[in-house]
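Asker: requesting a structural model of the entry that follows:
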Amino acid sequence: MKLTPLDIRKQEFKRVMRGYDPVEVDTFMDMMANEFEELLRSSKEMRDRAIELEVQLRDYRQIEKTLQQTLLQAQETTGKTYESARKEAELIARQAEQTASKIVDRAHADLARVKAEIFDLNTRRESLIAQLRVILSAELDLLKSLEAGASRTLAVPPSAGTGMDHIDLDAIARTLNHDGTP
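Answerer: Sure, this is the predicted structure:
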C-alpha cells in the first residue's frame, strides 16, 4: 500500500495509558507528512525531468543517426563525384590526344602536299627556264646573223631555230605570271 502525505496526516493511533505524548506524535507526523510531501514532489519533478531528458536523448539520437546517414551519403556522393570527374578527365584527355593526333596528321599531309607543290613548281620553273633559254638562244643566234649579214637579204625567217613562225613573248610572260613562277 502506498502512503500519501494525507494518509500520514490523518493517521490516528489508539490511546493507551502510558503511551506517547499525542502532541509530540502529531507534530512528528506533520513533519513526516511535510517531508514525505516534499519527497513526492521532488520525485515527481525528477521523473518529469527524466522523461524530458529521455525525450531529448531520443531526439539527439535521431539527430545523430540522421547526421551519420547524411555523412555517409556525402561520402558516397563525394566518391561518385570524384570518380565521375576522373572519368571525365580521362575522356577529355583521350579526346585531346585524338584531336592532337588528327592535327598532326593533317599537318603532315599539308606538309607533304606543300612539298609536292614546291617540287612541281620547281620542275615547271626549270622547264620554263630551259624553254626560254632555247628561245632566247635561237633569237640571239638570229640577232647575230642579222648583225653579221645586215647587207644581205634575209633568206631565213626571223623565228629560225625555234620551230615557230612567230614567237609571242607576251604570252610567255603571262604564262609565267599565272603559274606563280619567275
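
Asker: which one's the longest helix in the chain?
Answerer: helix 22-148 (DSSP state H).

Asker: tell me where the model's unsure across this protein.
Answerer: Across the chain, the ranges flagged by pLDDT under 70 are 1, 150-182.

Asker: residues near residue 128, how many?
Answerer: Neighbour count of residue 128, defined by other Cβ atoms under 10 Å: 16. Glycine gets a C-beta too; all of them are placed from N, C-alpha and C.

Asker: ok, now how distant is it from residue 11?
Answerer: Note on residue 128: its distance to residue 11, by Cβ to Cβ, to the nearest Å, is 143 Å.

Asker: again, but for residue 110
Answerer: Applying Cβ to Cβ, the value for residue 110 to residue 11 is 118 Å.

Asker: give me the more crowded residue out of those two.
Answerer: Ranked by neighbour count (other Cβ under 10 Å), residue 110 and residue 11 place residue 11 first, with 13 against 10.

Asker: wait, that one touches residue 28, no?
Answerer: No: applying Cβ atoms under 8 Å, one finds residue 11 not in contact with residue 28, separated by 11.1 Å.

Asker: OK, contacts around residue 6?
Answerer: Residues near residue 6 by Cβ atoms under 8 Å, 6 or more residues apart in numbering: residue 33.

Asker: in what helix or strand does it lie?
Answerer: Counting by DSSP states H and E, the secondary-structure element that holds residue 6 is helix 5-10.

Asker: what comes up buried for that helix?
Answerer: 5, 8 (16 or more other Cβ atoms under 10 Å).

Asker: and that helix, how far out from the chain middle?
Answerer: Relative to its chain's centre, helix 5-10 lies at 82 Å (Cα atoms, centre = their mean, to the nearest Å).

Asker: please save the CA atoms from that helix in CSV.
Answerer: This file holds the C-alpha atoms of helix 5-10, laid out as CSV (Å, rounded to 0.1, in the frame of the first residue of the first chain):
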residue,chain,number,x,y,z
PRO,A,5,1.1,12.8,2.9
LEU,A,6,-2.7,12.9,3.5
ASP,A,7,-2.6,9.4,4.9
ILE,A,8,0.1,10.3,7.3
ARG,A,9,-1.7,13.4,8.4
LYS,A,10,-5.0,11.5,9.0
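
Asker: now residue 129: how far from residue 112?
Answerer: Here the criterion is Cβ to Cβ. By it, residue 129 lies 26 Å from residue 112.

Asker: for residue 30, same thing?
Answerer: Distance, residue 30 to residue 112, by Cβ to Cβ: 120 Å.

Asker: with neighbour numbers in mind, choose between those two.
Answerer: The residue with more neighbours, out of residue 30 and residue 112, is residue 30; 13 against 10, by other Cβ under 10 Å.
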